[in-house]
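**Q** Predicted model, plus sequence, below.
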Amino acid sequence: MNELVKLKSSIIELPFAVVTFRKEGYIHIHYKYYCLTLEDCKTLFRVIHKNSPWEKCPVLITQHELATEDKEAREYNLRKKKKKNCTAIAFVLNNLAQRLVFNFYKRIFQSNRPSKCFSNVDLAIEWLKPFTSQNRDSKD
């Protein structure tokens, strides 16, 4: 069993996001008030790949209501190859504009991985629980 699961969550702070490898078996990415660039996205994926205790896991994404990404970053993030290790994605979006963009991209770029938008973090975490079972210690 991985030491992270036994001990506690691990946090990495980047200029544009906070990445938490949660002991519950998922990765939480919180985007700060920032416009994400292509280089930021590449850095984020490198950090996650290098530090994740799991080969595959679900992801919880939260963000500041004014967080955004430029066109190149958005295109990069939509590539299926970049999300191959992600079993499910829960987005917590409280901003109407962000929810509209999410729904638009979800319809256009269909994915074989479950994804859902929430307005509440607790509901998003509850939805992710079935996808975390292989990443948690059975004694939890």
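**A** That came through fine.
**Q** who are the neighbours in contact with the most centrally placed residue in the chain?
**A** Residue closest to the average C-alpha location in the chain (C-alpha atoms, centre = their mean): Val59, at 3.6 Å. Val59 sits next to 26-29, 86, 88-90 when contact means C-beta atoms under 8 Å, 6 or more residues apart in numbering. (C-beta placed from N, C-alpha, C; glycine too.)
**Q** What is the nearest of these to Pro114?
**A** Closest to Pro114 out of the contacts of Val59 is Ala88 (4.3 Å), distances taken as C-beta to C-beta.
**Q** I'd guessed that closest one sits against Leu128; true?
**A** Yes - contact criterion C-beta atoms under 8 Å: Ala88 and Leu128 qualify, at 6.2 Å.
**Q** okay, and the common contacts of those two?
**A** Joint contacts of Ala88 and Leu128 (C-beta under 8 Å, 6+ apart) are Pro58.
**Q** quick one, which of these two is more surrounded?
**A** Taking other C-beta atoms under 10 Å, Ala88 and Leu128 do not tie; Leu128 has more neighbours (25 against 19).
**Q** Pull out the buried residues from the strand or helix carrying the more buried one.
**A** Leu128 is located in helix 121-132, with elements delineated by DSSP states H and E. Buried residues in helix 121-132, counted by 16 or more other C-beta atoms under 10 Å: 124-125, 127-128, 131-132.
**Q** And the strands in this protein?
**A** Secondary structure of the chain by DSSP state E: the strands cover 10-13, 17-22, 26-31, 35-36, 57-63, 68-69, 86-92, 115-118.
**Q** Reformat those as TSV; add distance to Thr43 and mean pLDDT.
**A** Below are those laid out as TSV (distance: least, C-beta to C-beta, whole Å; pLDDT from 0 to 100):
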stretch	distance to Thr43	mean pLDDT
strand 10-13	11	94
strand 17-22	9	95
strand 26-31	12	94
strand 35-36	10	88
strand 57-63	16	92
strand 68-69	13	82
strand 86-92	17	89
strand 115-118	23	89
